[in-house]
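> fold the following for me, if possible:
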Amino acid sequence: MNMKKIILASASPRRKELLEKAGVIFQVLPGNGEEQITSSDPEDIVKELSLGKAQAVEPLVTEDALIIGADTIVVFRGRILGKPADAEDAVQTLTMLQGNTHQVYTGVTVIQKEEGRCRTYSFAECTDVTFYPVSHEEILKYVAGGEPFDKAGSYGIQGGFGKYVKGIRGDYSNVVGLPVARLLYEMKQQGIQLAD
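From the prediction side, this is the model:
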């Protein structure tokens with residue numbers, strides 16, 4: 001079944017680009033729902049956050065549609081690393097991550113709205129990312145460029161800090177912010193074709 005209307009409930013330019021590259025035709029409609037977390041498990045947290053994003057947009061959509069919500073967190077030794085509060089916070093985070101392996105979790109929720117009824121599908125994807133050792137000077141220079149401030153874990157793998165990545169175990173697009181291949185697969189399992 002092909003859905004007539006697909007909505008990405010996210011303002012992230014990276015998620016938008018990933019969906020476009022996959023050949024999905026969609027509209028962007030970010031919601032501004034409250035981020036509420038009741039779990040301490042990273043998989044459950046990203047699923048909750050992605051559900052919140054999709055649910056915030058659902059009432060704004062009057063016709064049949066698929067609404068895709070997504071949220072990404074970075075976890076290091078059990079600690080969740082969100083977006084940095086300031087430059088000092090970004091430097092501390094990157095100092096922790098350099099020379100080590102951390103996990104990137106993205107939760108995806110799809111709400112299928114059809115004839116006034118809603119069905120919800122959620123899943124989480126995890127990818128391991130390992131950095132080479134990075135000097136304090138290199139970290140300071142990266143942070144001074146301003147790139148870390150809107151990114152969980154203070155870096156974007158597709159940006160300037162990506163050059164320090166030693167290896168990835170899992171889905172690269174998951175680290176960017178949306179595990180597209182898994183999303184397409186999960187939807188196919190439900191009989192929904194997202195891309196032509």
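> return the set of buried residues in the helix-or-strand element of the chain with minimal mean pLDDT.
Among the helices and strands of the chain, strand 79-81 carries the lowest confidence by mean pLDDT, DSSP states H and E, at a mean of 92. By 16 or more other CB atoms under 10 Å, the buried positions in strand 79-81 come out as 80-81. The C-beta positions use only the backbone N, C-alpha and C, and glycine is treated the same way.
> centre of the chain to that strand, how far?
Centroid separation for strand 79-81 versus its chain: 15 Å, with CA atoms, centre = their mean, to the nearest Å.
> residues in contact with whatever helix or strand comes next after it?
From strand 79-81 onward toward the C-terminus, using DSSP states H and E, the following helix or strand is helix 87-97. With CB atoms under 8 Å, 6 or more residues apart in numbering as the test, helix 87-97 has contacts from 74, 76, 81, 84, 131, 134, 136, 139-140, 142-144, 148-149, 153-155, 161.
> so after helix 87-97, what's the next helix or strand?
strand 101-114.
> select the longest helix from this structure.
Once the chain is assigned using DSSP state H, the helix that runs over the most residues is helix 42-57.
> before we move on, the earlier item: does the least confident helix or strand of the chain pack against any helices or strands, and if so which?
The helices and strands touching strand 79-81, judged by 3 or more CB pairs under 8 Å, 6 or more residues apart in numbering; DSSP states H and E, are strand 65-76, helix 87-97.
> make it 6 Å
When contacts are defined as 3 or more CB pairs under 6 Å, 6 or more residues apart in numbering; DSSP states H and E, strand 79-81 packs onto no helix or strand at all.
> just checking: what are the partner strands of that strand?
Applying DSSP bridges, strand 79-81 is found paired with strand 65-76 (antiparallel).
> how near is the nearest residue to Val74 once chain neighbours are set aside to Leu66?
If you skip the residues right next to it in sequence, Val74 has Gly153 as its closest partner in space, 3.0 Å away by CB to CB, 6 or more residues apart in numbering. Relative to Leu66, Gly153 is positioned 29 Å away (CB to CB, to the nearest Å).
> between those two, which is the more surrounded one?
With neighbours defined as other CB atoms under 10 Å, Gly153 and Leu66 compare such that Gly153 has more, 28 against 25.
> hang on, isn't that one packed against Leu81?
Yes. Contact between Gly153 and Leu81 holds when scored by CB atoms under 6 Å: they sit 4.7 Å apart.
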